[in-house]
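>>> here is my input; please provide its structure:
(one chain, ligands or ions: 1)
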Amino acid sequence: MRIEIITTLPQMIEAVASESILGRARQKGIVDVEAVNLRDFTHDKHKTTDDAPFVGGPGMVMKCEPVFEAVEALTSRRAGQKPRVLLMTPQGRRFDQPMAEELARESHLIMICGRYEGVDERIREQLVTDEVSIGDYVLTGGELAALVILDAVTRLLPGVLGDETSAVSESFSSGLLEYPQYTRPANYRGMQVPEVLLSGNHEEIRKWRRAQALKRTLQRRPDLLERAHLTEEDRRLLLDMQKATGP
Ligand code: 4GY
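Next comes the predicted model:
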């Protein structure tokens with residue numbers, strides 16, 4: 001998969017994309033990440049990427065010319081293919097795990113990172129296929145949002161996570177929150193690991209973990225239960241929990 005990120009701050013992308021699991025996925029050739037410097041597509045001596053809004057108003061607006069030329073340069077390299085072009089903005093479709101799964105099926109993505117007050121509307125109309133938001137808050141630029149998407153998408157690509165850890169993504173895809181995790185020692189300052197986890201009874205452990213995941217989801221994110229994949233056993237457990245705690 002190829003992911004190109006258009007930005008005035010390529011070092012910010014590079015700092016994250018070269019570390020840890022992302023860095024390894026890149027070295028293995030599973031994902032090809034390129035931070036594309038928007039200033040390389042300017043023609044004036046100050047390498048201007050922004051300008052004052054027409055008629056006035058606060059702040060600066062990202063100019064059309066460098067962004068159009070950058071996207072055209074990236075798409076003409078691979079004539080015939082039409083990659084999705086994402087704009088990171090709080091006005092976009094809310095990013096979630098199903099969208100990460102959807103994007104992980106693409107072979108080429110371009111992400112545009114805005115700075116200043118926003119981007120010229122013609123960029124949205126002509127170049128962008130998807131406006132994407134990572135949440136209802138305002139960042140100083142699209143870079144952190146692009147990195148969140150890069151991270152969530154890359155970890156879904158085959159070969160990026162080990163076999164054991166890939167189960168973790170399964171559990172969010174089942175639509176529930178994670179069950180509690182413990183590691184050694186079994187007793188830390190008098191705080192005991194739940195007995196069942198030391199029992200070696202794998203069926204009991206599976207049931208305990210499932211019940212814990214259901215309980216957590218019911219307490220913290222009941223909205224997720226509507227779309228979760230639940231068995232008859234799950235529904236029975238949930239009803240018992242709801243009776244125990246009251247309405
Ligand atoms: N939230 N989700 C977000 C953001 C910053 C002005 C356009 C977000 O995705 N992006 O806050 N982006 C703005 C800053 C230009 C991008």
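
>>> show the pLDDT at the residue nearest in space to the middle of the chain.
Geometric centre of the chain, nearest residue: residue 149, 3.2 Å, by C-alpha atoms, centre = their mean. Residue 149 is assigned 98 on the pLDDT scale.

>>> where's the residue nearest to it when sequence neighbours are not counted relative to residue 111, distance?
Using C-beta to C-beta, 6 or more residues apart in numbering and skipping residues adjacent in sequence, the residue nearest residue 149 is residue 95, 6.2 Å away. C-beta coordinates here come from the backbone N, C-alpha and C atoms, glycine included. Distance, residue 95 to residue 111, by C-beta to C-beta, to the nearest Å: 12 Å.

>>> intersection of neighbour lists for these two?
Both residue 95 and residue 111 are in contact with residue 149, where contact means C-beta atoms under 8 Å, 6 or more residues apart in numbering.

>>> so for these two, which sits in the more crowded spot?
Neighbour count, other C-beta atoms under 10 Å: between residue 95 and residue 111, residue 111 has more, with 25 against 21.

>>> helix/strand/coil for the more buried one?
What DSSP: H, G, I helix; E, B strand; the rest coil gives for residue 111 is strand.

>>> pretty sure it sits against residue 2.
No - counting by C-beta atoms under 8 Å, residue 2 is not a contact partner of residue 111; they are 11.5 Å apart.

>>> hey, which strand is longest across this structure?
strand 84-94 (DSSP state E).

>>> report the buried residues of it.
85-90, 92 (16 or more other C-beta atoms under 10 Å).

>>> same deal with stretch 174-190?
By 16+ other C-beta under 10 Å, the buried positions in stretch 174-190 come out as 175-177, 179.

>>> who in the protein is up against the ligand?
Within the chain, the positions lying close to the ligand (C-beta under 6 Å from any ligand atom) are 88-90, 114, 118, 133-135, 137-139, 141-142, 145.

>>> which of those residues count as buried?
Buried members of those, counted by 16+ other C-beta under 10 Å: 88-90, 114, 118, 133-134, 139, 141-142, 145.

>>> biggest separation within these, which pair?
118 and 134 (16.5 Å; C-beta to C-beta).
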